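1. requesting a structural model of the entry that follows:
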Amino acid sequence: MLNSAAKRFILPFSPENSGKLFSFDVEAAAVYALSELERAKGGGLILKQPEEKILFITKIGYPLWLFTCDETAFLFNGLIDSRFSMIYFELPPAQLFIERLEKNSSTYEDYLAFLSYHDSYFQQPKKKKEFVLRGLIPGFDFKKEFGIYRKEAVEVTGQPAKLAPLAPTLDEAAISSVLTEMGKLQSFLIEDSQKLSECLRLINETTSQFITELDYAAEAVGDEAKAKIKAQEEFVTPKITKLNSEYKLQIAKLTRSFNEELEKLEKLKAKTVKFIDDDEEKIKLYNHEAKIQAEKKHLIYEKTWKEKSRLTKKELDGLKKELKRIENSIKNLNSQKNKKTFKLQLELKTEIESARQPLRDLEAARDARVLVLKQKTEKLLKQEKTVIVGLNGVIKLGEAVNSRFEMLGMMEHQLKSPALFYVPFYVACYQAGLSKRFIFLPPSMTSSAGFSAKLKGAFGRSKIKELFIPRFKEITTLIDNVQALAKQDSWLDREIRDLGEKNNLLNIGLIRESIVKGLVFLNREGWLSDREFQAVSGSLAYAQ
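-> Purely as a prediction, here's the structure:
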C-alpha cells in the first residue's frame, strides 16, 4: 500500500519572506546573542553562583512523518511515542440480519414474526473496542498549522547543511503496519455501514411490498363488495319502490277517511258556535228588555223577559258543552290520524330497512374485512418502526465512527510516498560545574527593527528577545514538550547532547564568521545596544 522510498524535507526556522533581516548570518547571530545574554554570569554577595559556560548551540531538526493513503495524509510524531486511541463500537452483525430477513419475507405472517423477534436486534448494548495508532498526531489545529508551514519546506537528498536531524524512533515500517490495519478496519466499518444501509433498504422495500399487497387486497374487497351491492340493489330497489307506493296509498286512504270525519265535525262546530253566538245575543236582548220593564214597574213583562233569558241561558250552557265535546272529538280524531299515519310510516321504514338489510350486511362485511387489512398494515408499520429506529441509531453510530477516522487525516494531492519533515529548533546548552541546562528556541516570526527597538536599546533594555516570536502555537508546544521530556527521558537527553556536541555551530569556522557579521547587523539595526554588542562579540572569541 505504501512506497518505502521516503522523501526528506527541511522546514525553515523563520519565514522566507523575512528578507535581509533573518538571513542565516543574522539568525545564527541572534541565537548566539540571546544565548549569551541568558547565560548566568555568576557572582552574588552571600551565595556565590558559578558562572555558566555555553557548551554548544545547535540547530536540531524534529522529525515528523507524513504518510499518504488514497489522497489522505496522516501526520505522525517521529520522536515521541504517543498513544492515540480510537474508540468505536462493535455493531450487530448486519449480514446475519439480511440472511434471516430474506428467509422470512415470503409471507406477511413470517415477516411480521421476523420483525417482532428482531425488534431489539439493533438496540442491544454495543461492545466498545479500541484501535491504537501509535505516534499519530490527530489534532486539527496542529494539522492546520503544519499544512501552512509545510509549504515552505525544501527537499533534501543528502546530509542537511547547518541542521542536525534527530533520528526518528517511529520507523516507516511500524507506521505502514498501523495504517494498513487502520485501512482494514475502516474498510470493515464502511462495509458494515453499507450492509446496515442495505438492511434499511430491504426492510423498507419488504414492508412497502406487503403494504402494497394489503392496499390491493383492500381495494379488491371494496370492488367485490361494490359489485355484490350493485346486484343486490337491483333486487331491493323495486321492492322498496313498491313498498313506498303501497304505503303511500294506505296513508292517503287513511288521511282521506279522517279528513272526512274531521270536516263533518268542523261543520258541526261552526254551526254550534253560531248557535252560541245567537243565544248570547238573545240573552243580552232579554236582559235589556227585563230591565226596561222593571223601570216601568211592569212586573209581569219583566218576569216574562227574565224567564226567556233563563231558558236561553240554559240552552247556551248545553251548546257550550256540545262545542267542547265536538272540539275534544276533533282533537282525538287528529291524534288518531297522526298516530295511525306515524304507525304506517314506521311500518314503511321497518319494511324498507328489512328490504335493505342484505345491502347493510354486505357493507358491514366489506368494512370488517377492510378494517382487518388496515389493522394488519398498522401493526406491520408499528413493528417495522421499532426495528428502523434501532437500525438508524447504529447507522448514525457507524457514520460517526467513520467520520472520526476521516478526521484523523488531511487531504493530500502532492505526495504519494512517505515523507519525513524536520521542524528546526535551536538548543543552547549551559554548564556550571556539574550542572547543565538547556534553552530551546522554536521556529520564530521576525520583523525589521524600528524606532521602538532603538529606543528600548537606548534605555538599556534588551530587545533581542523580541526577535523570537513563535510562529505557530501548536508547533511551539511540540518543541516545549521536547524540552520538558528531555529532563525526564535519559535517552532523549543523551541524544540531544550528542547531536549538540557533534554539530556545535560555535565549532564551525564559517558559521562563527557568519555570527560576527550578523552581530554587526543586529547592532546597526538596533536589536543590540553598543554595550550588548561589545559584550557578546567579546564572549564569542572565547566560546568553544
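
2. which positions within stretch 140-160 qualify as buried?
-> Phe142, Lys143, Glu145, Phe146, Tyr149, Arg150, Glu152, Ala153, Val156, Pro160 (16 or more other Cβ atoms under 10 Å). Where C-beta positions appear, they are placed from N, C-alpha and C, glycine not excepted.

3. now, those residues that are in helices?
-> Phe142, Lys143, Glu145, Phe146, Tyr149 (DSSP state H).

4. next, count neighbours for the closest residue to the second one other than its chain neighbours.
-> The spatially closest residue to Lys143, leaving aside those adjacent along the chain, is Met410, at 5.1 Å (Cβ to Cβ, 6 or more residues apart in numbering). The burial metric for Met410, expressed as a neighbour count using other Cβ atoms under 10 Å, is 17.

5. who's in contact with Met410?
-> Contacts for Met410 (Cβ atoms under 8 Å, 6 or more residues apart in numbering) come out as Thr72, Ala73, Leu75, Lys143, Gly147.

6. pLDDT and distance to Ala419 added to the residues you listed, as CSV?
-> Listed next are the contacts of Met410 as CSV, based on pLDDT from 0 to 100; distance: Cβ to Cβ, whole Å:
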residue, pLDDT, distance to Ala419
Thr72, 85, 14
Ala73, 88, 9
Leu75, 92, 10
Lys143, 91, 15
Gly147, 90, 13
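
7. so how far is Arg201 from Ser120?
-> 21 Å (Cβ to Cβ, to the nearest Å).

8. sorry, back to before: so in terms of bridging, what pairs with the residue nearest to Lys143?
-> Under DSSP bridges, the beta-bridge partners of Met410 are Ala73.

9. quick one: pLDDT of it?
-> In this model, Met410 is scored at 85, pLDDT.

10. same deal with Ser176?
-> On the pLDDT scale, Ser176 gets 88.

11. from the contact counts, what lies against the helix or strand containing it?
-> Element membership of Ser176 [criterion: DSSP states H and E] is helix 172-295. Applying 3 or more Cβ pairs under 8 Å, 6 or more residues apart in numbering; DSSP states H and E, we find helix 172-295 packed against strand 53-69, strand 72-77, helix 94-103, helix 108-117, strand 127-134, helix 299-407.

12. the second one: which residues count as buried?
-> Residues of strand 72-77 classed as buried by neighbour count (16+ other Cβ under 10 Å): Ala73, Phe74, Leu75, Phe76, Asn77.

13. again, but for the fifth one
-> By neighbour count with 16+ other Cβ under 10 Å, strand 127-134 contains the buried residues Phe131, Leu133.

14. now for that strand, which elements pack on it?
-> strand 83-90, helix 172-295.

15. which of these sits closest to Met445?
-> Met445 lies closest to strand 83-90 among the helices and strands packed on strand 127-134, at 29.3 Å (Cβ to Cβ).

16. pull the CA atoms of the closest one into PDB?
-> Extracted in PDB, the C-alpha atoms of strand 83-90 (Å, rounded to 0.1, in the frame of the first residue of the first chain):
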ATOM      1  CA  ARG A  83      -0.500   6.600  22.000                       C
ATOM      2  CA  PHE A  84      -3.700   7.700  20.300                       C
ATOM      3  CA  SER A  85      -6.800   5.500  20.800                       C
ATOM      4  CA  MET A  86      -9.800   5.400  18.600                       C
ATOM      5  CA  ILE A  87     -12.800   4.100  20.400                       C
ATOM      6  CA  TYR A  88     -15.600   2.500  18.400                       C
ATOM      7  CA  PHE A  89     -18.500   0.100  18.900                       C
ATOM      8  CA  GLU A  90     -18.900  -3.400  17.600                       C
END
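
17. what residue ranges in this structure score low on pLDDT?
-> Regions of the chain meeting the criterion pLDDT under 70 cover residues 1-5, 16-22, 42-48, 124-125, 413, 446-462, 542-544.

18. tell me how it divides into domains.
-> 7-59+151-159+415-542, 236-372 (automatic domain parsing).

19. export the ones you listed as CSV, with columns for distance to Glu99.
-> Compiled in CSV, the domains of the chain are given as follows (distance: least, Cβ to Cβ, whole Å):
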stretch, distance to Glu99
domain 7-59+151-159+415-542, 41
domain 236-372, 31
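
20. if we can go back for a sec, from the contacts of Met410, which is closest to Arg256?
-> Using Cβ to Cβ, the contacts of Met410 come closest to Arg256 at Thr72, 102.5 Å.

21. leaving out the residues flanking it, which one is nearest to that closest one?
-> Closest to Thr72 by Cβ to Cβ, 6+ apart is Gly409, at 4.0 Å.

22. look up how far Gln345 lies from that neighbour.
-> Gly409 is 89 Å from Gln345, by Cβ to Cβ.

23. Phe89 too?
-> On the measure of Cβ to Cβ, Phe89 and Gln345 end up 76 Å apart.

24. who has more neighbours out of the two?
-> Phe89 (16 against 12).

25. my guess is the more buried one contacts Ala400. True?
-> No: in terms of Cβ atoms under 8 Å, Phe89 does not count as a neighbour of Ala400; the distance is 9.4 Å.

26. please save the CA atoms from stretch 264-275 in PDB.
-> Provided in PDB are the C-alpha atoms of stretch 264-275 (Å, rounded to 0.1, in the frame of the first residue of the first chain):
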ATOM      1  CA  LYS A 264    -118.100  16.900   9.500                       C
ATOM      2  CA  LEU A 265    -117.000  17.800  13.000                       C
ATOM      3  CA  GLU A 266    -115.700  21.200  11.900                       C
ATOM      4  CA  LYS A 267    -119.000  22.000  10.200                       C
ATOM      5  CA  LEU A 268    -120.900  20.900  13.300                       C
ATOM      6  CA  LYS A 269    -118.500  23.000  15.400                       C
ATOM      7  CA  ALA A 270    -119.100  26.100  13.200                       C
ATOM      8  CA  LYS A 271    -122.900  25.600  13.500                       C
ATOM      9  CA  THR A 272    -122.700  25.200  17.200                       C
ATOM     10  CA  VAL A 273    -120.600  28.300  17.600                       C
ATOM     11  CA  LYS A 274    -123.200  30.200  15.600                       C
ATOM     12  CA  PHE A 275    -126.000  29.000  17.900                       C
END
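
27. what about Asn523, how many residues nearby?
-> Asn523 has 20 nearby residues by other Cβ under 10 Å.

28. need the residue closest to the centroid of the chain.
-> With distances taken as Cα atoms, centre = their mean, the residue of the chain nearest its centroid is Lys396 (9.8 Å).
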